[in-house]
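**Student:** Generate coordinates for the sequence data below:
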Amino acid sequence: MATLAEMFRASTRPVHFRFLGRQTLAAVAALLVCAGCGASGKGPATLNWYVFPEPSGSFAKAAAACTAASAGRYRIAINFLSTSSDQQRVSLVRRLAADDSSIDILAMDVDWTAEFANAQWIRPVPAALAARIRNVDLPGPVQTATYRQRTWAAPINSNTQLLWYRKDLLADIHRRVPTTWTEMIADAIELAKLGKPHYIEEQGAQYEGLTVWFNSLVDSAGGQIISGTNRIVLGRAAEAAASIMHRLATSGAADPSLNVAMEGSSDVAFDKGTAAFEINYPFVYQSAIAGNPSVAKEMGYAPFPEVVSGVAPHVSIGGYNLAVSAHSAHPGMAFDAVSCLTREQYEIAYAVNGGLAPVRAAVYGIASFQKAYPFHALIERQLRTYGIRPQTPSYADVTLAIQKALTPTSAIQPATVVDSLRNEIKLSLSSGALL
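**Tutor:** Predicted structure coming up:
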């Protein structure tokens with residue numbers, strides 16, 4: 001069977017952090033040694049992979065394995081970006097806009113696809129690999145890699161927020177697990193009256209996590225922020241979402257630090273034992289086990305709370321997709337490497353070791369994976385009934401507009417915020433997502 005490189009030549013033309021262990025550091029060092037190889041045609045070509053610093057070392061191990069599997073054709077050199085998604089984007093945009101050929105493979109946050117594709121900074125995925133992605137990956141991750149009916153990247157991991165809760169505290173008020181935001185807030189208020197830990201940990205700081213929260217609520221209410229044709233929608237669903245955010249922020253259920261809370265700080269608060277509920281990503285499961293075993297022992301998980309009772313939520317997908325730079329000198333080999341890095345066995349390692357949800361549907365049916373990832377069914381369900389942040393080339397400015405209009409959450413005026421949002425987003429859509 002022809003490799004992707006051969007097919008490409010024949011064609012017309014993507015938290016809590018731990019220190020990496022010694023073995024992982026050695027693997028990374030080995031990958032970086034040959035940064036200049038391949039330029040003169042001697043030795044393997046170097047494929048520079050720019051990616052966030054995945055803390056478990058699973059990316060480094062996969063890169064080393066794929067390098068070995070290439071039989072001397074290429075070497076994958078990892079280049080770690082910032083831990084901040086915003087800073088990752090800035091670093092990549094500056095290089096790509098300057099036609100920097102040193103980037104071969106880039107890990108894109110799922111909300112960058114439209115911007116990077118529209119700017120012609122990345123190459124469309126070859127037909128064979130695109131077909132594999134559509135056939136084996138879950139529909140949510142596939143959609144994040146798609147722009148204007150074309151596949152621009154290969155999903156490497158996904159993410160979706162769940163409701164994490166204290167089983168012992170719910171037992172104190174003889175309650176079942178809340179299924180709606182209204183029920184959860186009511187339960188937290190009742191726990192507060194009893195003098196029990198009761199806070200709801202959510203991300204209300206003026207950053208991307210606030211957009212994720214709002215978008216999840218809007219989608220779960222049956223609405224959209226922006227349509228696929230770049231038309232501003234908002235409407236009653238946005239008002240319902242803003243009402244929930246304001247209700248939580250001004251109730252006794254909210255952690256007093258809500259307006260500055262991010263994923264990591266929310267999880268730290270939950271692990272300390274002061275909260276009853278947490279909306280967050282799967283990394284919190286291992287974090288609780290390591291940080292406070294007594295809390296972890298009582299930690300349960302459930303679907304993201306419903307906005308409309310009886311209607312399945314549509315939670316904003318996170319994660320990363322791997323794209324090949326339009327300026328890469330080795331695009332065919334880069335797509336071969338992408339195909340390798342997204343193999344099933346590596347996805348399992350990314351999930352079990354790093355808390356990064358798999359994108360392949362088949363992985364969720366593997367018994368050993370199910371045992372190691374006990375909330376697998378909830379993750380899979382939410383990646384099928386997914387929500388997605390606005391797919392627009394101007395997303396970088398759209399999200400800033402949303403954050404500005406909704407900060408602080410305690411000052412949101414549900415009756416007027418939709419008009420304010422519409423005006424802010426209208427201005428952002430005309431900006432072209434400029435740095």
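**Student:** give me every residue that touches the closest residue to Val307 other than its chain neighbours.
**Tutor:** Once flanking residues are discounted, Val307 sits nearest to Ser220: 4.1 Å by C-beta to C-beta, 6 or more residues apart in numbering. Where C-beta positions appear, they are placed from N, C-alpha and C, glycine not excepted. Counting by C-beta atoms under 8 Å, 6 or more residues apart in numbering, Ser220 makes contact with Phe304, Glu306, Val307, Val308, Val311, Pro313, His314, Val315, Gly387.
**Student:** hmm, try it at 10 Å
**Tutor:** Contacts of Ser220 were listed using C-beta atoms under 10 Å, 6 or more residues apart in numbering, and they are 181, 237, 240-241, 244, 304-308, 311-316, 385, 387.
**Student:** do Thr113 as well
**Tutor:** By C-beta under 10 Å, 6+ apart, the contact list for Thr113 reads 14, 122, 143-147, 151-153, 321, 323, 391, 393, 395.
**Student:** And these, which is closest to Ile133?
**Tutor:** Distance ranking of the contacts of Thr113 against Ile133, using C-beta to C-beta, places Thr151 first at 5.9 Å.
**Student:** Distance check, the closest residue to that closest one other than its chain neighbours against Ser328.
**Tutor:** Excluding the flanking residues, the one nearest Thr151 by C-beta to C-beta, 6+ apart is Ala130, at 3.9 Å. Noted for Ala130: a distance of 18 Å to Ser328, by C-beta to C-beta, to the nearest Å.
**Student:** Give me the buried positions along whatever helix or strand Val417 lives in.
**Tutor:** Using DSSP states H and E, Val417 sits in helix 414-429. By neighbour count with 16 or more other C-beta atoms under 10 Å, helix 414-429 contains the buried residues Pro414, Val417, Val418, Ser420, Leu421, Arg422, Glu424, Ile425, Ser428, Leu429.
**Student:** Would you point out the most distant pair within these?
**Tutor:** Pro414 and Leu429 (23.2 Å).
**Student:** for the residue nearest to Thr151, what are its contacts?
**Tutor:** With C-beta under 10 Å, 6+ apart, Ala130 has these contacts: Pro124, Val142, Ala145, Thr146, Arg150, Thr151, Trp152, Ala153, Ala154.
**Student:** and what of Thr144?
**Tutor:** Residues in contact with Thr144 (C-beta under 10 Å, 6+ apart) are 14, 108-114, 137, 152-153, 155, 158, 317-321, 359, 386, 388-389, 391.
**Student:** cool, and Leu234?
**Tutor:** By C-beta under 10 Å, 6+ apart, the contact list for Leu234 reads 218, 223-226, 241-242, 417-419, 421-422, 425.
**Student:** same deal with Gly72?
**Tutor:** Per C-beta under 10 Å, 6+ apart, neighbours of Gly72: Gly43, Pro44, Ala45.
**Student:** Let's see that with 7 Å instead.
**Tutor:** Residues in contact with Gly72, defined by C-beta atoms under 7 Å, 6 or more residues apart in numbering, are Pro44.
**Student:** Spell out which helix or strand contains it, please.
**Tutor:** For Gly72, there is no helix or strand it lies in under DSSP H and E.
**Student:** can you list the domains in the protein?
**Tutor:** The chain is divided into the following domains under automatic domain parsing: 4-159+319-384, 162-316+394-429.
**Student:** Lowest average confidence across the ones you listed, which one?
**Tutor:** In terms of mean pLDDT, the lowest-scoring of the domains of the chain is domain 4-159+319-384 (a mean of 85).
**Student:** Which stretches in the protein count as strands?
**Tutor:** Remark: strands assigned in the chain by DSSP state E are 45-51, 74-80, 105-109, 146-147, 150-151, 154-159, 162-166, 199-201, 275-280, 299-302, 318-324.
**Student:** Distance from the third one to the middle of the chain?
**Tutor:** This points to strand 105-109. Distance of strand 105-109 from the chain centroid (C-alpha atoms, centre = their mean, to the nearest Å) equals 12 Å.
**Student:** That strand pairs with which strands?
**Tutor:** strand 45-51 (parallel), strand 318-324 (antiparallel) (DSSP bridges).
**Student:** Need the residues that contact the last one.
**Tutor:** Spelled out, it's strand 318-324. Here strand 318-324 makes contact (C-beta under 7 Å, 6+ apart) with 14, 104-110, 113, 116, 122-123, 141, 144-145, 152-160, 281, 331, 334-335, 338, 341-342, 357.
**Student:** Understood, closing this out.
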